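Colleague: here is the input, now give the coordinates:
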Amino acid sequence: MTGIGIGLMVLLGLVVLTALFVIGKYNALVTLRNRFKNAWAQIDVQLKRRYDLIPNLVETAKGYLKHERETLENVIKARNVAYAASQTAAANPAAGDAVKNLVSAESGLAGALSRLMVVAEQYPDLKANQNMMQLTEELTSTENKVSFARQAYNDSATAYNTQREVFPTNLIAGMFNFTAAELFQVDKPEQRDAPKVSF
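Modeller: Numbers count the residues shown, from 1 in each chain. Model (predicted):
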């Protein structure tokens, strides 16, 4: 072999190694992105469960809270806004604005549910209603599941964001347009707590 042949072999070897490196990093980013999207899907499942419980809770309370129509309507409106925001976020969990809108809508829903629970406390018959007790227990359980799902999502999104920001993976992430994942976090401290739904 001549010097030119050896040089071409070395160059070809470097090209192959570089291609394998890029492919490996690209695949790692795809894997991490799919993990955080899957984690988002788990949040979505729990949110849908909660959105399905809320109309039942309102219907049960409706018979007892005849003079609290505005409170009940506010809960349903907040639920509908949060549901729409969750659908938008579920379509593309990597879209930062969609996640921020969902966090805002969830805060509004938490506030409306809290107000409903405060009003419901004033009605002993409602507090003793078996359906209401069961629904509030399911809602509390779902709130806990939402919390765990949010944590899992944030962990997955953080792992993905970290990988896409470190060198040299950040070069590959930039070339293939891997955008940052938005964390699901609450900006206002008073909104961090799940709505109190116990009697």
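
Colleague: so which elements touch the helix-or-strand element of the chain with minimal mean pLDDT?
Modeller: The weakest-scoring helix or strand in the chain, judged by mean pLDDT, DSSP states H and E, is helix 124-128 (a mean of 80). In this structure, helix 124-128 makes packing contacts with helix 96-121, judged by 3 or more C-beta pairs under 8 Å, 6 or more residues apart in numbering; DSSP states H and E. Using the backbone N, CA and C atoms, a C-beta is placed for each residue, glycine as well.

Colleague: could I get the full set of helices for this protein?
Modeller: Along the chain, the stretches classed as helices by DSSP state H are 3-62, 69-91, 96-121, 124-128, 130-165, 169-175.

Colleague: tell me which of the ones you listed lies nearest to F184.
Modeller: With C-beta to C-beta as the measure, helix 130-165 is the member of the helices of the chain nearest F184 (5.0 Å).

Colleague: ok, E165 - contacts?
Modeller: A173 (C-beta atoms under 8 Å, 6 or more residues apart in numbering).

Colleague: that older thread, what's the least confident helix or strand of the chain in contact with?
Modeller: Contacts of helix 124-128 (C-beta under 8 Å, 6+ apart): T60, A61, Y64, L65, A120, E121, M132, M133, F199.

Colleague: residues contacting the fourth one?
Modeller: If a contact means C-beta under 8 Å, 6+ apart, then L65 has T71, L72, V119, A120, Y123, L126 as its contacts.

Colleague: mark which of those residues are buried, thanks.
Modeller: T71, L72, V119, A120, L126 (16 or more other C-beta atoms under 10 Å).

Colleague: excluding residues flanking it in the chain, which one is nearest the second one?
Modeller: Translated: L72. V58 (5.2 Å; C-beta to C-beta, 6 or more residues apart in numbering).

Colleague: got it, and the last one?
Modeller: What sits nearest to L126 in space, not counting adjacent residues and going by C-beta to C-beta, 6+ apart, is Y64, at 4.0 Å.

Colleague: quick one, phi/psi of that neighbour?
Modeller: phi -90, psi -30 (degrees, to the nearest 10).
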